[in-house]
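Undergrad: Quick one, structure for this:
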Amino acid sequence: MTPLSWDEAYAKAKLTLSQMTRSEKNSMLHSTMDQAQGWFIGNIPGVPRLGIPSLNMQDNGNGFRTAEDYLIGTVTCWPSSLSLAATWDEQLVRGVSAAMGDEFATKGANVILGPGVFVARVAKGGRNFETLSGEDPYLGAKLAVQWVTGIQSKGIVATLKHFVFNNQETHRNGYNSQVDDKTAWELYYQPFEAAVDAGAGAVMCSYNLQDGIHSCSNPARLKDDLKGTLGFRGFVMSDWGAEHGTSIEDGEDMDMENGKGKDQFDANSVSEEAVNAAVTRTLATIYKMHLENTTKCTGGNCSGPLHADAQQGHQYLALQGATESIVLLKNDGAVLPLRPSSVKKIRVLGKAANAGVVNPNHDSWTAADLYSGGGSGHVTPGYHVSALDGIKKRASQSGIRVLDDSSEEQADVTIVVAGTLSSEAADRTTLSLDDGADDLIAATGSKTKNVVVLLQVPGAVLMPWKDSVNAIAALFLGGQETGNAWASVLFGDHAPTGHLPVSIPATEADTIEPSSDTNITYSEGLATGYRNKRFSYAFPFGHGLTYTNFSYSKGSSQACGQSVCVYFQLTNLGHVAAATVPQLYLEYPPEAKEPAAILKGFSKTGVLQPGQTVQVMFQLTRRDLSYWESGSWKQVRAAKAHIGASSADIRLSLLVTSQEVIIV
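TA: Have a look, this model is predicted:
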């Protein structure tokens, strides 16, 4: 069903509003919360006499949160949002979000509490696995558009989170972010802006303060920036317990309860004008998404849909998402893929190889595993395929033996599987791997030939052993099909296509640390991640190898309408069919005060056969060629476009203007 335009939705909303009592309006400003069967994580009551449905809200952007045991096995544990970001694949992201939307609709939900689109600032950030942006706003903007479009095509309202400057979990309820305007508009607002333009229906304000004011009570951010300049026309909800008092006058439209919320929220204290504005926004979102016609049940009476099996054959798509997100970081000596002609026996080491899953319903609510991060972003799968199980199954098909740990036979290849956990409510204390895995890898690499390291991680980790092993691949929490995804890449059924959405630092000193200060000034400005030239990286942002090599040639540029189109030829030079993700980084003139060339284009190619050449095109818009200064965007006359395989692997450079290109 095609969503209504916002203007059409607002017209319907105003008509309905004129028929509502103040009590009915007040009821739509505050959630009820009940974890019993038939209820969702968040529930805004409807108004049956006017045909207004309840809003049935469920976590999360990684899948339908299994907050009750009966939900486990009825929904898909998808690859994490950061894992999807590693695909750099707009169409795949759209397909996964649409399938996720089907599952939410089957379960009776009509609002998804996701996606996370915040730009990762802190490498140890506990929720980095939840963001589509990784460390880059352009990547996040492109993927967020597809994610929102996909989920909302299924009649599910997307909720962008967390607005804004919510970049660490340390002291998350009390730290005050202080961010200059240029950094806000160029770095942290951009994914939200793109998703707003794509029609996102909801935004969630965050726990932290901004400029000394709580996020959900900050009119400068919510009214002036989000609803004003960014043009957001949906409704703003608080995170659970993030409201401090009654904030409807300040730009929030809906308070989500977290135990104490009821005592703090007083709808009768809000002016009629502010109540009308808030309720109109909620009604407009309902009508835009046709929720009055598609909502299956009302909160408290949804036990039937909630018990339904919603997986709908999504196993293959979950596998595809995980497989295409695997990033091959290193492959010295072409030890991968594993071929039965040269590999007869492999050994698999590491506690992570056969890792199990956790069920937060019987543990801490922040419990995490190596398939799904902890907190509200966790999904407990009904089944999972461990790395060891996936490798064993695929190896047997090729007649390759997997040796037992106790076997004294020599293996042709040794695979070490390692990982680390991450969760909401706490930042990681270290970037090292869990269970002594760093020592195991170093020891194995020093005495064994052909060592392959597989990482199941929620973000950046340190790799002090990287020079002592032959191959390294990373998967940013791949969900229930993790083991099968590993097997597909290891044995060459799929040539790897993932690229890093976050930089891999050389040391912890090459990152921004979580701060324990009350006031956190983003003094680095735009110089986060790969944009900070003082940091050293083991593997750069955008990096990702495959089983062949590509050449970049014949760069050119020309004006195309109001944009500049940049072209080049990409050729598969090797003997394996594979896809890749060429990237464009724009170097602005000095007056733009950018710390480095920044991502302004990427394109995941189709599979190129050996020797095949294709033409790739990047379209640079006026916004792409602009920078923020003194409250507005200013367009440059010319900039250098650097095209390559990562932020540090540039193959072509062109000076682009609106009329001509000069090779430099």
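Undergrad: Show me the helices in the stretch 301-450 of the chain, by range?
TA: With DSSP state H, counting those that start in this stretch as the criterion, the stretch 301-450 of the chain has helices at 303-307, 315-325, 387-397, 437-447.
Undergrad: So for Gly478, which of the ones you listed sits nearest?
TA: Distance to Gly478, taken as C-beta to C-beta, is lowest for helix 315-325 among the helices of the stretch 301-450 of the chain, at 3.7 Å. Yep, even glycine has a C-beta here, placed from its N, CA and C like the rest.
Undergrad: Could I get the buried residue list for the closest one?
TA: Along helix 315-325, these residues count as buried under the neighbour rule (16 or more other C-beta atoms under 10 Å): Leu317, Ala318, Leu319, Gln320, Gly321, Ala322, Thr323, Glu324, Ser325.
Undergrad: Please work out which of the helices of the stretch 301-450 of the chain is packed deepest.
TA: A comparison of the helices of the stretch 301-450 of the chain by mean neighbour count, using mean count of other C-beta atoms under 10 Å, puts helix 315-325 on top with a mean of 23.
Undergrad: how about the nearest residue to the spatially most central residue of the chain, chain neighbours excluded?
TA: Nearest residue to the geometric centre of the chain (C-alpha atoms, centre = their mean): Leu132, 2.0 Å. Distances taken as C-beta to C-beta, 6 or more residues apart in numbering place Leu143 nearest to Leu132, at 4.5 Å, with adjacent residues excluded.
Undergrad: Any chance of the backbone angles for the residue nearest to Gln264 when sequence neighbours are not counted?
TA: Spatially, and ignoring its direct neighbours in sequence, Gln264 is nearest to Gly245 (6.0 Å; C-beta to C-beta, 6+ apart). Main-chain dihedrals, Gly245, degrees, to the nearest 10: phi 100, psi -160.
Undergrad: do you know how far Gly245 is from Val270?
TA: Note on Gly245: its distance to Val270, by C-beta to C-beta, to the nearest Å, is 11 Å.
Undergrad: Repeat that for Val656.
TA: For Val656, the distance to Val270 - C-beta to C-beta - is 51 Å.
Undergrad: okay, those two: which has more neighbours?
TA: Val656 (26 against 20; other C-beta atoms under 10 Å).
Undergrad: so the more buried one is in which element?
TA: Taking DSSP states H and E as the criterion, Val656 maps to strand 649-657.
Undergrad: in its sheet, what does that strand sit against?
TA: Strand pairing for strand 649-657, determined by DSSP bridges: strand 638-646 (antiparallel), strand 661-663 (antiparallel).
Undergrad: want to throw those into JSON lines with distance to Gly478 and mean pLDDT?
TA: Listed next are these as JSON lines, based on distance: least, C-beta to C-beta, whole Å; pLDDT from 0 to 100:
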{"stretch": "strand 638-646", "distance to Gly478": "22", "mean pLDDT": "98"}
{"stretch": "strand 661-663", "distance to Gly478": "41", "mean pLDDT": "44"}
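Undergrad: okay, these in a markdown table with mean neighbour count next?
TA: A markdown table is the format used below for the strands paired with strand 649-657 (neighbours: other C-beta atoms under 10 Å):
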| stretch | mean neighbour count |
| --- | --- |
| strand 638-646 | 21 |
| strand 661-663 | 14 |
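Undergrad: Pretty sure Gln91 sits in a helix.
TA: Yes - in this structure, Gln91 lies within a helix as judged by DSSP: H, G, I helix; E, B strand; the rest coil.
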